[in-house]
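[1] Provided below for reference: sequence and predicted model.
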Amino acid sequence: MSRKSLSLAVIVLIIAAIFIAAWSAQSNRIKAGSEVPNSPEASSVKAVMERAYDLIGTAAQTYDVTGFATVFVDTADYRLTPKQQEGVAAILGAEVAQKAGYLTAMQAHYISLGQGSQLLQAALVQAKAEVRELSAEEFQAIIKANHDQIPTLPSPVVAKTNLTYESLEIAGDRATLRYDDGAALQDAILVRIKEQWYIAGITPVWVHF
């Protein structure tokens, strides 16, 4: 066998191995769905997750975060990165940033998106009135004014996110949930406060889109 043919065979074997590994991982994730208990508590946890995604979908269109406090909460379970703390401080103040958890991080994120959207829309209106395109310099200025966040326009249509629950463990007033939202496999921590479940943090495990 020639060296060229041998190399091609090795490449084919590597690609096959990758597909087999991906299929195996997907099979394991599907089987994990049986680990979600069928109980009133589990139903309450799932209801909070689904409401949270509905609120996120609305925020993507309107940047309204007033309902976030009904599903998210600040606890020590979620630690902001230095960049997140810097962003929260710029938007909500340094004192808020020091005590921030997942709720505050989510609020700051969508408030920032709303501010950026307003800046971008105003610049586009001005450029249109002057019969020209928005310049790269103007776009960079908007990013700088928006706390180094890239601005976006409101989502015209947001489809409802279907969540696939894979495992759930409830221990007293604390729950850990693994689920897939269609874009990523996620791990969520929830805490129960006065008989109500709140999301204290969500961390992506595997992003697949």
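    The structure has been received and is ready for your questions.
[2] list the buried ones in the strand of greatest length in the chain?
    In terms of residue count, the longest strand belonging to the chain (DSSP state E) is strand 196-207. Residues of strand 196-207 classed as buried: 197-202 (neighbour count, 16 or more other Cβ atoms under 10 Å). The C-beta positions use only the backbone N, C-alpha and C, and glycine is treated the same way.
[3] and of those residues, the nearest to Ile142?
    Ile202 (28.3 Å; Cβ to Cβ).
[4] which residues touch Glu35?
    Shown in contact with Glu35 (Cβ atoms under 8 Å, 6 or more residues apart in numbering): 166-168.
[5] Can you list the low-confidence ranges for this structure?
    Applying pLDDT under 70 to the chain flags residues 1-34.
[6] For it, which segments count as helices?
    Along the chain, the stretches classed as helices by DSSP state H are 3-31, 40-62, 82-92, 94-98, 102-129, 136-145.
[7] Determine which of those approaches Phe209 most closely.
    helix 3-31 (13.9 Å).
[8] Can you get me a residue count around Glu195?
    For Glu195, the neighbour count with other Cβ atoms under 10 Å is 7.
[9] How about Ala171?
    Using other Cβ under 10 Å as the criterion, the residues surrounding Ala171 number 7.
[10] which residues does it bridge with?
    Arg174 (DSSP bridges).
[11] any idea how far Tyr179 is from it?
    18 Å (Cβ to Cβ, to the nearest Å).
[12] now swap in Pro82 and tell me
    28 Å.
[13] who's more crowded, the two?
    Tyr179 (23 against 7).
[14] For that one, name its beta-bridge partners.
    Bridge pairing for Tyr179 - DSSP bridges - gives Tyr165, Gln186.
[15] Check the gap between it and Glu138 for me.
    40 Å.
[16] Ok, Leu163 next?
    Leu163 is 39 Å from Glu138, where distance means Cβ to Cβ.
[17] Let me have the contacts of Glu35 in JSON lines, adding distance to Met106 and neighbour count as columns.
    As requested, the contacts of Glu35 are exported to JSON lines (distance: Cβ to Cβ, whole Å; neighbours: other Cβ atoms under 10 Å):
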{"residue": "Glu166", "distance to Met106": "23", "neighbour count": "22"}
{"residue": "Ser167", "distance to Met106": "23", "neighbour count": "16"}
{"residue": "Leu168", "distance to Met106": "22", "neighbour count": "20"}
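[18] Name the nearest of the residues you listed relative to Lys99.
    Leu168 (28.8 Å).
[19] Surely that closest one is in contact with Val36?
    Yes - with contact defined as Cβ atoms under 8 Å, Leu168 counts as touching Val36 (4.7 Å).
[20] Name the residues contacting each of these two.
    Shared contacts of Leu168 and Val36 (Cβ under 8 Å, 6+ apart): Ala42.
[21] list the contacts for the closest residue to Tyr53 other than its chain neighbours?
    Spatially, and ignoring its direct neighbours in sequence, Tyr53 is nearest to Thr161 (4.5 Å; Cβ to Cβ, 6 or more residues apart in numbering). Each residue near Thr161 by Cβ under 8 Å, 6+ apart is listed here: 53, 56-57, 181-182.
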